[in-house]
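Output the structure for:
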Amino acid sequence: MSLERIVILDPLEKLRYLKDSLTSPGMTVEVLDRYEELLELSRQLQPSLSSMVIVLDGDAPSGLEPELAVRVAEIAPELPPVALAVVGDPERGRAWTSAGAGSFLLRPVDPEDLQREVKRWLRFSDRLRSANRQLEALRKFFAMFAHDLKNPLSAISGYCELASGRADLPGDVRDDLEKVRRNIDLLSTMSQGLLEMARGNARLGLSPREADLARVVKEAVEMMSVRAYARKIAILVRPPGPKVLVRIDPPRIIEALANVLDNAIKFSPEHSMIEVIVSISDRGPDEPVNEALITIDDEGPGVPLAEREKIFNRFPAPGQQGGLGLGLSIARQIFELHGGSIQVEGRSPGGTRMAIRLPLSGSMPEVSATPEVAGMVPDGRREASQ
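So this is what the prediction gives:
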């Protein structure tokens, strides 16, 4: 059975007259003096406590100051209580709301105003509990889905290996089977990462090594070229100047780049081009060069400036275009775990640029004699860009 509790934190006994006005069927009201008593009460009520509203005397020392948000999170980490401060002047009230209070009321408090405010925050807590339950159900679904992917992926990979072993197999078919097998291995890595995220692991496991970034980008482009071809979109990869060496976990970076490319393909019009460039960032004569830069340019509708950060949200707001928003969210996490970043930039006259930065591995290496590039044009031919 869940409990909704109202607590009046009243060190100087100036708010106790409000208790009767807040007491109602199914609602318990406690009057306490100090934060420590409140903390002990919440420990006794857990896990049955579903929500709590704290009405506090904002002009008296109670132990909730100066870090209100931290204190209320200690009371109930899963669903922190809402604090309402009762104060003598608006400036003091604004200080409490800045510290994390839901709202404030000025003295003398009208009991009916307080009732309305408490009910408003209880309704808010109820909606928040409902959203948390939905997120938990979604987390369990992802965990089960990622776990159940393992067996069929392993079986497909095994069949690819068996088929590749046939002596009469044409060379081009053998190459295609190897590409399928590599993509299956990448899917296995991605499903494991999804499982780790669903289990609540903040950091994805990485196995970094030094790698040629152009080759890693080429693999990601090859992985997504069939999808682009189906949409009549060309992906063009410009050759880098110097060989760009980075210390990364290649399957993870391929996963992240595939997510970014998938987003570019999704919002690009037919018969358009996505251009991918790998380079060493030139930040100016006074700043040392210390990062690799991947730019992915599309000819889609672009992203308004106010929306550029929101596209990395894991779960988009209702009405936003797209799915669950996991692709770019996971991509950003992977780049940041490598010490890098991803940003959305505008293009002229239109389209979107994704700018991905990763730290270089050591000093700038020698120029590559034969840079690796790959692309697919809508007639199905692969071509190297000049």
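
Give me the below-cutoff pLDDT ranges for the stretch 101-250 of the chain.
Flagging of the stretch 101-250 of the chain using pLDDT under 70 yields the residue ranges 147, 150-151, 154, 189-190, 192-205.

And stretch 119-130, how far out from the chain middle?
25 Å (C-alpha atoms, centre = their mean, to the nearest Å).

So which bits of it are buried?
Residues of stretch 119-130 classed as buried under the neighbour-count rule (16 or more other C-beta atoms under 10 Å) are 121-122, 125. (C-beta placed from N, C-alpha, C; glycine too.)

And for stretch 77-87?
Judged by neighbour count (16+ other C-beta under 10 Å), stretch 77-87 contains these buried residues: 79-87.

For residue 271, state which of those residues is nearest.
Distance from residue 271 was checked for each of these by C-beta to C-beta. The minimum falls on residue 79, at 50.8 Å.

So the closest one lies in a helix, does it not?
No - according to DSSP: H, G, I helix; E, B strand; the rest coil, residue 79 belongs to no helix; its state is coil.

you'd agree it is up against residue 51?
Yes - using C-beta atoms under 8 Å, residue 79 is in contact with residue 51, at 6.5 Å.

does the residue of the chain most remote from its centre count as helix, strand or coil?
Relative to the mean C-alpha coordinate of the chain, counting by C-alpha atoms, centre = their mean, the farthest residue is residue 168 (47.3 Å). For residue 168, the reduced secondary structure class is coil; criterion used: three-state DSSP.

Strands of the protein, start to end?
Listed in chain order, the strands found in the chain under DSSP state E are 3-9, 28-32, 49-57, 82-87, 103-106, 209-212, 234-238, 245-248, 273-280, 291-298, 341-346, 352-359.

Out of the ones you listed, which is the most enclosed?
Between the strands of the chain, the one whose residues have the most neighbours on average, counting mean count of other C-beta atoms under 10 Å, is strand 82-87 (a mean of 25).

From the centroid of this structure, which residue is nearest?
residue 329 (3.8 Å).

just for the stretch 251-386 of the chain, where's the confidence low?
For the stretch 251-386 of the chain (pLDDT under 70), the answer is 282-289, 314-326, 348, 362-386.

Repeat the analysis, applying 80 as the threshold.
Within the stretch 251-386 of the chain, the stretches with pLDDT under 80 are 282-290, 306, 313-327, 346-350, 362-386.

quick one, helices of the chain?
With DSSP state H applied, the chain shows helices at 19-22, 35-45, 68-75, 90-99, 111-164, 171-198, 213-230, 250-266, 326-337, listed in chain order.

I'd like these written out as JSON lines, with distance to residue 306 added.
Formatted as JSON lines, the helices of the chain follow (distance: least, C-beta to C-beta, whole Å):
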{"stretch": "helix 19-22", "distance to residue 306": "41"}
{"stretch": "helix 35-45", "distance to residue 306": "39"}
{"stretch": "helix 68-75", "distance to residue 306": "26"}
{"stretch": "helix 90-99", "distance to residue 306": "24"}
{"stretch": "helix 111-164", "distance to residue 306": "24"}
{"stretch": "helix 171-198", "distance to residue 306": "27"}
{"stretch": "helix 213-230", "distance to residue 306": "28"}
{"stretch": "helix 250-266", "distance to residue 306": "18"}
{"stretch": "helix 326-337", "distance to residue 306": "17"}
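
To residue 301, which of those helices lies closest?
When those are compared for distance to residue 301 using C-beta to C-beta, the nearest one is helix 250-266, at 11.3 Å.

Export that closest one to PDB, keeping only CA atoms.
The C-alpha coordinates for helix 250-266 follow below in PDB (Å, rounded to 0.1, in the frame of the first residue of the first chain):
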ATOM      1  CA  PRO A 250      36.600   0.600 -33.200                       C
ATOM      2  CA  PRO A 251      33.300  -1.300 -33.000                       C
ATOM      3  CA  ARG A 252      31.900   1.300 -30.600                       C
ATOM      4  CA  ILE A 253      32.900   4.200 -32.800                       C
ATOM      5  CA  ILE A 254      31.500   2.300 -35.900                       C
ATOM      6  CA  GLU A 255      28.200   1.900 -33.900                       C
ATOM      7  CA  ALA A 256      28.200   5.600 -33.000                       C
ATOM      8  CA  LEU A 257      29.000   6.700 -36.600                       C
ATOM      9  CA  ALA A 258      26.300   4.300 -38.000                       C
ATOM     10  CA  ASN A 259      23.800   6.000 -35.700                       C
ATOM     11  CA  VAL A 260      24.700   9.500 -36.900                       C
ATOM     12  CA  LEU A 261      24.700   8.300 -40.600                       C
ATOM     13  CA  ASP A 262      21.300   6.700 -40.000                       C
ATOM     14  CA  ASN A 263      19.900  10.000 -38.800                       C
ATOM     15  CA  ALA A 264      21.300  11.800 -41.800                       C
ATOM     16  CA  ILE A 265      19.800   9.200 -44.200                       C
ATOM     17  CA  LYS A 266      16.400   9.400 -42.400                       C
END
